[in-house]
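> I'd like to go over a predicted model; first the sequence, then the structure.
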Amino acid sequence: MAKQHITTTINGEESEYLCEAQETLLDVLRDQVGLTGTKEGCSSGDCGACSVMLDGVLVCSCLVLGVEAEGKTVETIEGMADGDELHPLQQKFLEEAALQCGFCTPGVLVAAKALLDMNNNPTETEVRYWLAGNLCRCTGYDKIIRAVMDTAADMRGASA
Amino acid sequence: MNEQPKQFKWVGTRTIRPDGVDKVTGRAMYGADLTLPGMLQGKVVRSPHAHARIISIDTSAAEALTGVKAVVTAADMPEADSKLVAAGEAMINFRDLAHNVIARDKVLYDGHAVAAVAATTNDIAERAAALIKVKYEVLPHVIDVLEAMKDDAPVLHDNMFTGGVKPKPEKASNVANRVEFGMGDVEAGFAAADLIIERKFTTEPVHQAYIEPHAVVADMGQDGKVDVWCSSQGHFMVRSFCAGLLKIDMSKIKVSAAEIGGGFGGKTTVYLEPLAIMLSRKAGRPVRMAMSREEVFRGSGPTSGAAMTVKIGATKDGRITAGDATLYFQAGAFPGSPVGPACMTAFTPYNLDNVRVVGFDVVSNRQKVVAYRAPGAPISEYAVESIVDELASKLGIDPIDFRTKNAALEGTKAAYGVTFGAIGMQETLDAAKATEHYKIPLGPNQGRGVASGFWFNIGGESCAGIRINEDGTVALSEGSPDIGGSRASMAIMAAEVLGIDVNKVKPTVVDTDAIGYHFVTGGSRVTFATGMAVVDASKAVVDEMRARVAKVWEVDIEGVVWEDGHARPASTNVGDFDPMSLAEIAAIANKTGGPISGHADINAKGAGPAFGTHICDVEVDPETGFVTVLRYTAVQDVGRAIHPGYVEGQLQGGAAQGIGWALNEAYIYDKNGCVDNPGFLDYRVPVASDLPMIDAILVEVPNPTHPFGVRGVGEVPIIPPLAAVNNAVAAATGTRFTALPLSPPAILAGMAAKN
Ligand code: FES
Ligand code: FES
């Protein structure tokens, strides 16, 4: 079958790719665009390792087709830092050892940023439920939750 | 001897891990992230049957499909020799390993690999896999461990005769082996008891469920040299297994360690790697293979489920007089369950005179088990710790006090033969008792459970190379895949010995051509053993730098001491020399004898045994049977925490996995013996909203054989949670449960049976 020609904006840059109709956005990002920071843990929407923002909405890229990104904006983990400047969440995750193997980390960071962009004063319960779709098998979540809460507190302090 | 803690500069600090930025920016390369020019995509064809004879495999239609470049079956792999090799912490037969990688005459479980195909795209590879026609003669299957031991059970291997029993049985069976450990006189011990409790327990197989599925890229050149890139807990293990299975010289295989997205023991063996090499050899192109999540569940190893009988007696004042246990462990399709370590650890938190533990390693038509964090120990200690709790409660003794009366101490002899040196079991009990958590009052339907755990920890082969760069920075090479921040610990230990800024040390996990053999990342050994190699190599570099400075100063090497990153005269008698920094010594290395480096290639001995004690509070909904974990504290003797953040992380992560094991996780099989829940939707690991914060309390009783006092830490934390949760549920409901997982229906049924 003929491949589809797709034009999108990925991490602020206009991008084009060719993809099969049945290819997922996750596969396209990893195999066509070369952005392997977005991870595949299940391909069924259950682990969140593939989390990206599509037109400002948090999605599992394994549940979105590559063709659906036509004309939309995609943000991935590779676009999170501002040049050499890490996003405060990235920095906090490093300072507080909120990752072990780091495989869930891109998805967790993308999802956590989506939360903090909406709500910079979440309760622990809100953070836990927001991140309930991001499986982490290494950390027991404790340090992840704390890092997100601490980043939120810093962001509130900075904007106060 | 331990270095005197004259105030460490780096040991015990929370540095930023050297691989951290790559991991928060998406730059870190894991198993499935490598693309090579001309790379093909590989797929595995798996058995849809639990037990069947392979009549024929027709690959012609697949081979005819455009884009298909290679198809392999067991016929492409030489038949392996029958010999035992170390796989993680267990021993396996090499021929079983071969037959697990790709089935030869029979498939022994749902998901067993039978063929593999490589094609230009994933899509074509998948279509080709569907075109491979395997003709099966379906055989009767057996899943349950006790069923598998029955006389009329379908036998998986007609050449398997139970080992460890005399005389050798005449009939083949599914019981691979019997083991026994013990000491004292168990009958006399029970005769001296005022209270004896005996119960039967069961646990289900659970998967390590690392979030990164197995993945590999293999590339064999025309000259027969192979490059392998994969996510594993030991790239030397991958080299040695692939070389052995495919009968290729080790020198021709180079394995590079990708970043690894979790393993927990599950990546201490090979699945895809030999297949990818076989496909690459046939196709003459690099091949990438990655499992789907479903394949991870169906085609890679969980740990055993078990049936157990445990009996413990105690006196009125709370002294255990005897312990007796019989453990039946599912090995999966091939022998090699962790029943041995389960037996050895079962009663080991305690100082007992009379112990007997008998274990059976039993095959059935399930996925071949592989190591999972403290293999075997969570299972046997769950049963023992549940009865210990019941004894304490029936005797009206606080569960921590009861354990204190029986705790293993320095000088205690364990049933598996070892007499302990400095250990911290009692210290973990004291710390647990002192927590705020232990004093918080509980509400209705709430309960608190306590449990302890023991794991040996291991040493083994490790190497390290330290090279001083011309600018005074340091390159640190080692070969233990870093699964949870170990490079941070290596950099800390090197910086501590060298006396330089930790950020000047760059640790790298190098490939199998670049350094000597390392045993797998497992057994909680890396920070201990590879850390010891790093310390030795750093000390060798220090000595070399002292020698260089002695040359410059024209004094004996004894006249030069190393302090705080500088060479200094040992005393004023040596002469009046300005101290030389590491960077200054590096800058003139060409004038003093050339590049400066130090190496250590060791087989580390003296791993420190470790103990932990956990406290768990739960609330049980009497309407639904749903268990909520309210609070959780994990206390552990860690010897010395090199990087406390990552040590706490081990305690927290292990506790979470143990909670999942206790409450949710289980393999479920349908009536045909096929896995019914091979995905994260139906095999539910704990998610963020299932758990509370997990307080990690580090107790430090230094291990005397490690220069900084390190004990392994990674495995103990998964041991206590099973019983801690079980005991908390018992306290909340007034009902003793003896089967995991404690799912809501099981809890409701248990509560109804009591009422
Ligand atoms: S890979 Fe998309 S949710 Fe797991
Ligand atoms: S850090 Fe390993 S899965 Fe989260």
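Good, I have the coordinates. Residues are numbered from 1 along each chain as shown, chains lettered A, B, ... in the order given. Ligands and ions are numbered 1, 2, ... in the order given.
> Now do stretch B:545-563: distance to the chain's middle.
44 Å (CA atoms, centre = their mean, to the nearest Å).
> Give me the nearest residue to residue 111, chain neighbours excluded.
You didn't pick a chain, so chain A it is. residue A:51 (4.9 Å; CB to CB, 6 or more residues apart in numbering or on different chains). Just so you know, the C-beta spots here come from the backbone N, C-alpha and C atoms, and that holds for glycine as well.
> that's the wrong chain, I meant chain B
Residue B:111 sits nearest to residue B:298 (CB to CB, 6+ apart), 2.7 Å away.
> I'd like to know how many residues surround residue B:622.
Residues near residue B:622, counting by other CB atoms under 10 Å in any protein chain shown, number 14.
> That one and residue B:752 touch, don't they?
No. Residue B:622 is beyond contact range of residue B:752, at 10.6 Å (criterion: CB atoms under 8 Å).
> ok, now which ones touch residue 135?
Since you didn't name a chain, this refers to chain A. Residues in contact with residue A:135 (CB atoms under 8 Å, 6 or more residues apart in numbering or on different chains) are A:41, A:46, A:47, A:48, A:49, A:104, B:211, B:680, B:685, B:687.
> Chain B is the one I meant
So residue B:135 contacts B:54, B:55, B:56, B:57, B:58 (CB under 8 Å, 6+ apart).
> Quick check: beta-bridge partners of the third one?
Taking DSSP bridges as the rule, residue B:56 bridges to residue B:135.
> what's the burial count for it?
8.
> before we move on, what about residue B:228?
28.
> And it, how far from ligand 1?
Residue B:228 sits 25 Å away from ligand 1, going by CB to the nearest ligand atom, to the nearest Å.
> what kind of secondary structure is residue B:41 in?
When classified by DSSP: H, G, I helix; E, B strand; the rest coil, residue B:41 comes out as strand.
> returning to that earlier point: and of the contacts of residue A:135, the nearest to residue B:725?
Ranked by distance to residue B:725 (CB to CB), the contacts of residue A:135 are led by residue B:685 at 14.9 Å.
> Look at that closest one and say how many residues are nearby.
Using other CB under 10 Å: residue B:685 sits among 23 other residues.
> Would you quantify the distance from it to ligand 2?
Residue B:685 sits 10 Å away from ligand 2, going by CB to the nearest ligand atom.
> Would you confirm that that residue contacts residue B:664?
Yes. Applying CB under 8 Å as the test, residue B:685 and residue B:664 come out as touching, 7.3 Å apart.
> Could you say which helix or strand holds residue A:154?
helix A:142-159 (DSSP states H and E).
> Same check on residue B:45?
Residue B:45 is located in strand B:40-46, with elements delineated by DSSP H and E.
> Starting from that strand, tell me which strands it pairs with and how they run.
By DSSP bridges, strand B:40-46 pairs with strand B:113-119 (antiparallel), strand B:287-290 (parallel).
> phi, psi of the residue of chain A at minimum distance from chain B?
Nearest residue of chain A to chain B: residue A:37, at 1.8 Å (CB to the nearest CB). Per-residue torsions, residue A:37: phi -70, psi -30 (degrees, to the nearest 10).
> count of neighbours near it?
27.
> Next up, the contacts around it.
Residue A:37 neighbours (CB under 8 Å, 6+ apart): A:76, A:77, A:78, A:106, B:25, B:26, B:27.
> hang on, isn't the fifth one packed against residue A:93?
No. The pair residue B:25 and residue A:93 fails to qualify as a contact (CB under 8 Å) at a distance of 10.7 Å.
> more neighbours, those two?
The neighbour comparison of residue B:25 against residue A:93 (other CB under 10 Å) goes to residue A:93, with 26 against 20.
> quick check, that one in a helix?
Yes. Assessed by three-state DSSP, residue A:93 belongs to a helix.
> Would you quantify the distance from it to residue B:209?
Going from residue A:93 to residue B:209 by CB to CB, to the nearest Å gives 22 Å.
> Could you give the residue of the stretch 1-150 of chain B that lies closest to chain A?
Counting by CB to the nearest CB, the stretch 1-150 of chain B gets nearest chain A through residue B:26, at 1.8 Å.
> Which pLDDT does the model give residue B:5?
At residue B:5, the model reports a pLDDT of 52.
> same thing with residue B:484?
89.
> Next, count neighbours for residue 82.
All of this refers to chain A. Applying other CB under 10 Å, we find 8 residues neighbouring residue A:82.
> try again with chain B
For residue B:82, using other CB under 10 Å, the count is 11.
> Surely it is in a strand?
No. The assignment for residue B:82, made by three-state DSSP, is coil rather than a strand.
> element containing residue B:325?
Taking DSSP H and E as the criterion, residue B:325 maps to strand B:320-332.
> list the helices and strands that strand packs on?
Using 3 or more CB pairs under 8 Å, 6 or more residues apart in numbering or on different chains; DSSP states H and E, the elements in contact with strand B:320-332 are helix B:145-148, helix B:186-191, strand B:306-314, helix B:339-345, strand B:355-363, helix B:377-394.
> State the next helix or strand along the chain beyond the shortest one.
In other words, helix B:145-148. The helix or strand immediately downstream of helix B:145-148 is strand B:175-183, counting by DSSP H and E.
> Please put the alpha-carbon coordinates of that next one into PDB.
Extracted as PDB, the C-alpha positions of strand B:175-183 are listed here (Å, rounded to 0.1, in the frame of the first residue of the first chain):
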ATOM      1  CA  VAL B 175      10.200 -34.100  39.800                       C
ATOM      2  CA  ALA B 176      13.700 -33.000  38.800                       C
ATOM      3  CA  ASN B 177      15.300 -32.800  42.100                       C
ATOM      4  CA  ARG B 178      15.000 -33.100  45.900                       C
ATOM      5  CA  VAL B 179      17.100 -31.100  48.300                       C
ATOM      6  CA  GLU B 180      17.300 -31.000  52.000                       C
ATOM      7  CA  PHE B 181      18.900 -28.700  54.500                       C
ATOM      8  CA  GLY B 182      18.800 -28.900  58.300                       C
ATOM      9  CA  MET B 183      20.400 -29.200  61.600                       C
END
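> angle of that strand against strand B:320-332?
160 degrees (axes from the mean of the first three to the mean of the last three CA atoms, to 10 degrees).
> From the contacts of residue A:135, pick the one nearest ligand 2.
residue A:104 (3.4 Å; CB to the nearest ligand atom).
> Count the neighbours of that closest one for me.
By other CB under 10 Å, neighbour count at residue A:104 equals 30.
> Tell me how far it lies from residue B:292.
18 Å.
> Residue B:264 in helix, strand or coil?
Under three-state DSSP, residue B:264 comes out as coil.
> In terms of pLDDT, where does it sit?
pLDDT at residue B:264 comes out at 97.
> cool, residue B:531 as well?
96.
> all helices for chain A, in order.
A:25-27, A:88-95, A:105-118, A:124-130, A:142-159 (DSSP state H).
> and what of the stretch 351-500 of chain B?
B:377-394, B:399-406, B:425-433, B:486-498 (DSSP state H, counting those that start in this stretch).
> Find the nearest non-adjacent residue to residue B:189, please.
Nearest to residue B:189 is residue B:322, by CB to CB, 6+ apart, at 2.6 Å.
> Right, I'll leave it there.
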